[in-house]
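Give me a 3D structure for the following:
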Amino acid sequence: MADDRPFLPLNICVLTVSDSRTEADDVSGKVLQSAVTDAGHRCHEKAIVRDDKYAIRAVVSRWIADPQVDVIISTGGTGITGRDGTPEAVRPLLDKEIEGFGETFRMLSYQEIGTSTLQSRALSGVANGTYLFVLPGSSGACRTAWSKVIVSQLDNRTLPCNLVMLMPRLKEV
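Numbering: from 1, shown residues only. You can find the predicted model right below:
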């Protein structure tokens, strides 16, 4: 951490992808929402959408187009069942994929759940200057991704580099 750099709070949206969750029982979405605000960022908006790639794309596209949204974190729909479609919904929207996120997440997850981590299709990327993180639906996976990867990369004080430092350059051509 660099003590001379200021913390820069970001506007972060949280999306829960589920056919069955409601605001009352959305544990993973609440975990992420709390983590975001506990870290000093702002939860710009939180939503729940059914596991349908067009419904997911509609919400994510709206947030990507909003210049006030810096980051989108989704939870759910990353498995391999017929209804799991978040990666298929989000990947076509990305300008660039950050392959290292999924690799790092699965490495860390392996330490917690062993080979079951191969079922996760977690991914990250950038679209229209907005960072996206697509996480599994379990609250444990959300905690792992946030605390071991995302929180430090969304902190301008993290050295030697972090994603916040790159934000002014994301829309360069």
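
going forward, measure contacts between C-alpha atoms and count neighbours the same way
OK.

Using PDB, list the CA coordinates for stretch 42-53.
The C-alpha atoms that make up stretch 42-53 are tabulated as PDB, following Å, rounded to 0.1, in the frame of the first residue of the first chain:
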ATOM      1  CA  ARG A  42     -20.500   3.400  -3.000                       C
ATOM      2  CA  CYS A  43     -23.000   0.800  -4.000                       C
ATOM      3  CA  HIS A  44     -24.500   2.800  -7.000                       C
ATOM      4  CA  GLU A  45     -27.200   0.200  -7.600                       C
ATOM      5  CA  LYS A  46     -28.100  -3.400  -6.700                       C
ATOM      6  CA  ALA A  47     -30.400  -5.600  -8.700                       C
ATOM      7  CA  ILE A  48     -31.600  -9.200  -9.100                       C
ATOM      8  CA  VAL A  49     -32.300 -10.600 -12.600                       C
ATOM      9  CA  ARG A  50     -33.400 -14.000 -13.700                       C
ATOM     10  CA  ASP A  51     -30.800 -16.300 -15.300                       C
ATOM     11  CA  ASP A  52     -31.600 -15.400 -18.900                       C
ATOM     12  CA  LYS A  53     -28.700 -14.000 -21.000                       C
END
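
buried sites along it?
By 16 or more other CA atoms under 10 Å, the buried positions in stretch 42-53 come out as 42-44, 46, 48-53.

Nearest to Gly114 among those?
Set against Gly114, the nearest of the buried residues of stretch 42-53 by CA to CA is Asp51 (26.2 Å).

isn't that closest one right up against Arg21?
No: with contact defined as CA atoms under 8 Å, Asp51 does not count as touching Arg21 (10.6 Å).

Quick one: low-confidence residue ranges for the chain.
Flagging of the chain using pLDDT under 70 yields the residue ranges 2-3.
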